[in-house]
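Engineer: turn this into a structure:
(chains A, B, C and D)
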There are 2 protein chains.
Amino acid sequence: MTKKSSANSKEKLLQAAIKLFASKSYAATGLREIVRAAGVSVAMVNYHFGSKPTLLTAILERFFTQIIAIAQKNLPGDQPAEIKVRQYFRALISYFRQEPELMRVAIAELPRDMPEILDCKARLIRELVATASTGLLPSLPEPARSHVRVEIVGPSIMGLLSAHFMLRPVIEKVFQQTFDDAFYQNFADELADLFLYGLFGAKKED
Amino acid sequence: MTKKSSANSKEKLLQAAIKLFASKSYAATGLREIVRAAGVSVAMVNYHFGSKPTLLTAILERFFTQIIAIAQKNLPGDQPAEIKVRQYFRALISYFRQEPELMRVAIAELPRDMPEILDCKARLIRELVATASTGLLPSLPEPARSHVRVEIVGPSIMGLLSAHFMLRPVIEKVFQQTFDDAFYQNFADELADLFLYGLFGAKKED
DNA sequence: GTCTATAGTCCGATAGAC
DNA sequence: GTCTATCGGACTATAGAC
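Structural biologist: As a prediction, this is how the structure comes out:
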């Protein structure tokens, strides 16, 4: 109820920024372009967010809050690890497909010369890692549970799940293929197979 | 022998650009900053490369040429797929550690609004995929050989191998850990284990 | 909460001298 | 092959009116 007469110009700015940052990168996008797309004036950026970097951190917060919620919903509980991982992968891929631009911005942007943004991202990923590992680790079978090194497996999962979406524009060119619903039908499960059993591992089906 | 009286200002520009693009991104780095770091004048960029985008494509060419050479050296031949993959992963990780900035720029930069760069990257990755898959696929055991979908496994390998290096500044903060030689001792093999046998898979050692 | 106008800086690219 | 000087435009941020 703190919002009184505020229009949704803040949300419009966020949406416009996500779209533009995803296609041109944070650094290459000017505030003028964002406000033009959002239909407001330059001054609104500083009014709502304070600065351009803060606009980016707001985007990061939005993405990782969702991602952490997905981990909280799918990973804790009594089910076997395999079921959890498959559910988690499906939920993540589904969210990535829902919000491809948000996902791209939140994962790709990593300006090493802006400590404020690095810190923001580190804080959010730390929370994600904590949620995911306390949910998943206890349900892993041995010898996996003893051998998992979270600082290696964690980033590996992120890389595995995000690579397709991050590189999608070039992958489409490389394989002369567009990715439709049919392609994504089993995508999450194929990634889960690869993650759980590896390239040599037994496939579930056939 | 086409180089006559050329000094190495072209190479100095490339090195300075790689370092700056890696830390601030392509878009956020101005030509002035690059030429200052390289110790030459602005006009040299256009003399040697024609434009800023062309400077980036030169960087992409350099990286992927190396990566393709590593695939050519490690993947073809008569050895079992497992040996090949391990060798390949070790060689790649070793190269990434040698040239972390080059690697970061070449993989991360993907401006969707610059078709020239997208095309350049697609062409290079297409060549990499062709080299890697003709080298590796025939030596895979069944059922892996029949089931592999290159358009899924290819990007997955890239994501798996690059995630640690791409996210390294945040991972160091998240895990409050710096990555030294000891950490990297078995890094490539652990990734190979994960890729070949999965999280549940049998470890080679112990 | 929203705007216009503007300050001050930096951008990429090139002309022209040496 | 290398430089300086400069063009026209874009940038972020803010001051001040409504």
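Engineer: chain A: helices as residue ranges?
Structural biologist: Assigned by DSSP state H, chain A shows helices spanning A:9-24, A:31-38, A:43-48, A:52-74, A:81-98, A:100-108, A:115-136, A:144-147, A:150-166, A:168-174, A:181-184, A:187-197.
Engineer: what helices or strands is the last one leaning on?
Structural biologist: Going back to what we said before, that points to helix A:187-197. If you count contacts as 3 or more Cβ pairs under 8 Å, 6 or more residues apart in numbering or on different chains; DSSP states H and E, helix A:187-197 packs onto helix A:81-98, helix A:150-166, helix B:150-166, helix B:187-197. To be clear about C-beta, it is placed using only N, CA and C from the backbone, and glycine gets the same treatment.
Engineer: likewise the first one?
Structural biologist: Using 3+ Cβ pairs under 8 Å, 6+ apart as the contact test, the elements touching helix A:9-24 are helix A:31-38, helix A:43-48, helix A:52-74, helix A:100-108.
Engineer: any idea how far the least confident helix or strand in chain A by mean pLDDT is from the middle of the chain?
Structural biologist: Every helix and strand of chain A was ranked by mean pLDDT, DSSP states H and E. The lowest is helix A:144-147, at a mean of 95. Averaging C-alpha positions (Cα atoms, centre = their mean, to the nearest Å) puts helix A:144-147 26 Å from its chain's average.
Engineer: near chain B, anything from it?
Structural biologist: Yes. Judged by Cβ under 8 Å from any Cβ of the partner chain, helix A:144-147 comes into contact with chain B through A:144, A:147.
Engineer: the residue minimising distance to the centre of chain A and DNA strand D, how far apart?
Structural biologist: Centroid-nearest residue in chain A: residue A:103, 4.2 Å away (criterion: Cα atoms, centre = their mean). For residue A:103, the distance to DNA strand D (Cβ to the nearest atom of the strand, to the nearest Å) stands at 22 Å.
Engineer: give the contact list for that residue.
Structural biologist: Applying Cβ atoms under 8 Å, 6 or more residues apart in numbering or on different chains, we find residue A:103 in contact with A:63, A:95, A:96, A:162, A:165.
Engineer: please name the nearest non-neighbouring residue to the third one.
Structural biologist: Take residue A:96 and drop its neighbours on the chain: the residue closest to it by Cβ to Cβ, 6 or more residues apart in numbering or on different chains is residue A:103, 4.8 Å away.
Engineer: look up how far chain B lies from the one you found.
Structural biologist: 13 Å (Cβ to the nearest Cβ, to the nearest Å).
Engineer: which residue is the nearest non-sequential neighbour of residue A:122?
Structural biologist: residue B:173 (3.6 Å).
Engineer: looks like the one you found contacts residue A:118 (just checking).
Structural biologist: Yes. Residue B:173 lies in contact with residue A:118 (Cβ atoms under 8 Å); the separation is 6.9 Å.
Engineer: low-confidence ranges, chain A, go.
Structural biologist: Applying pLDDT under 70 to chain A flags the ranges A:1-7, A:202-206.
Engineer: count the residues that sit near the residue nearest to residue A:122.
Structural biologist: Residue B:173 has 16 neighbours, counted by other Cβ atoms under 10 Å in any protein chain shown.
Engineer: so what's it up against?
Structural biologist: Counted by Cβ under 8 Å, 6+ apart, residue B:173 has contacts A:118, A:119, A:122, A:126.
Engineer: likewise residue A:150?
Structural biologist: Listed by Cβ under 8 Å, 6+ apart, the contact partners of residue A:150 are A:129, A:133, A:137, B:175.
Engineer: one more time with 10 Å
Structural biologist: A:129, A:130, A:132, A:133, A:136, A:137, B:174, B:175 (Cβ atoms under 10 Å, 6 or more residues apart in numbering or on different chains).
Engineer: I'd guessed the second one sits against residue A:71; true?
Structural biologist: Yes. The pair residue A:130 and residue A:71 passes the contact test of Cβ atoms under 10 Å, sitting 9.4 Å apart.
Engineer: please identify which of these two sits among more neighbours.
Structural biologist: Using other Cβ under 10 Å, the more surrounded residue of residue A:130 and residue A:71 is residue A:71, with 23 against 14.
Engineer: how deep is the residue nearest to residue A:26 when sequence neighbours are not counted tucked in, by neighbour count?
Structural biologist: In space, and not counting its chain neighbours, residue A:26 is closest to residue A:109: 5.0 Å by Cβ to Cβ, 6+ apart. Neighbour count of residue A:109, defined by other Cβ under 10 Å: 20.
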